[in-house]
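Asks: the following comprises the amino acid sequence and a computationally predicted model.
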Amino acid sequence: MKYTIKATDMALSVSAGEYFAKKMAALDKVAAHFGGAATATVEAGRTTRHHRSGDVFRVEIMVHIKKKDLRAEATGGTVLEAMDKAQEDMRTELERLKGKSVDSVKTGGRAIKKLIKGE
C-alpha cells in the first residue's frame with residue numbers, strides 16, 4: 001500500500017513518522033487481500049492551537065481501494081494515541097469490506113451449485 005503522511009498545524013517528529021509507518025504496515029497486511037492497488041493518506045494535526053490538554057490531536061486515515069473510499073478519524077491526548085485509535089477503526093473498515101467481498105463470492109458459488117444440482 002502506498003501512503004502519504006501530512007502534518008497540519010504541527011511538526012511531525014521522526015519517531016512519530018516511524019510509528020505511523022509501522023501502523024500503516026499493519027494495515028497493509030489486511031489490504032493485501034484486495035491486491036496491491038491501495039493508496040492511503042494520513043493526516044495528523046492539532047484540533048486547536050490554544051488548548052494544551054485533552055483530546056487536542058487528530059489523525060485521519062483515508063484509504064482508496066477498488067473504487068471505494070474508506071475513512072477513519074480519531075482524536076487523542078497525544079498524536080500516537082490518536083493514530084492507534086484511527087488505525088484500529090481503519091482495520092475494522094478494511095475487514096468489513098473484505099468480509100463483504102468474500103461473502104459475495106460464496107453467495108455466487110451457492111447459486112451456481114444450485115443450478116448444477118437442478119434445484
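Replies: Perfect, I can see it now.

Asks: need the contact list for Leu94.
Replies: Leu94 makes contact with 27, 30-31, 63, 65, 70 under the criterion Cβ atoms under 8 Å, 6 or more residues apart in numbering. C-beta coordinates here come from the backbone N, C-alpha and C atoms, glycine included.

Asks: that one in helix, strand or coil?
Replies: helix (DSSP: H, G, I helix; E, B strand; the rest coil).

Asks: tell me which of the contacts of Leu94 is nearest to Lys98?
Replies: Of all the contacts of Leu94, Lys98 sits closest to Val30, with 6.8 Å by Cβ to Cβ.

Asks: so which residue is smack in the middle of this structure?
Replies: Met90 (3.2 Å; Cα atoms, centre = their mean).

Asks: burial of Thr48, as a residue count?
Replies: Using other Cβ atoms under 10 Å, Thr48 has 11 neighbouring residues.

Asks: tell me the pLDDT at it?
Replies: As predicted, Thr48 sits at a pLDDT of 76.

Asks: that one: helix or strand, and which one exactly?
Replies: Using DSSP states H and E, Thr48 maps to neither a helix nor a strand.

Asks: what's the spacing between the closest residue to it other than its chain neighbours and Asp9?
Replies: Counting by Cβ to Cβ, 6 or more residues apart in numbering, Val56 is the residue found nearest to Thr48 once chain neighbours are left out, at 6.0 Å. To Asp9, Val56 is 10 Å away according to Cβ to Cβ, to the nearest Å.

Asks: what touches both of these two?
Replies: In contact with both Val56 and Asp9: Arg46, using Cβ under 8 Å, 6+ apart.

Asks: out of those two, which sits in the busier spot?
Replies: Remark: of Val56 and Asp9, Val56 carries more neighbours, 20 against 11, as counted by other Cβ under 10 Å.

Asks: who are the contact partners of the more buried one?
Replies: Per Cβ under 8 Å, 6+ apart, neighbours of Val56: 46-48, 75, 77.
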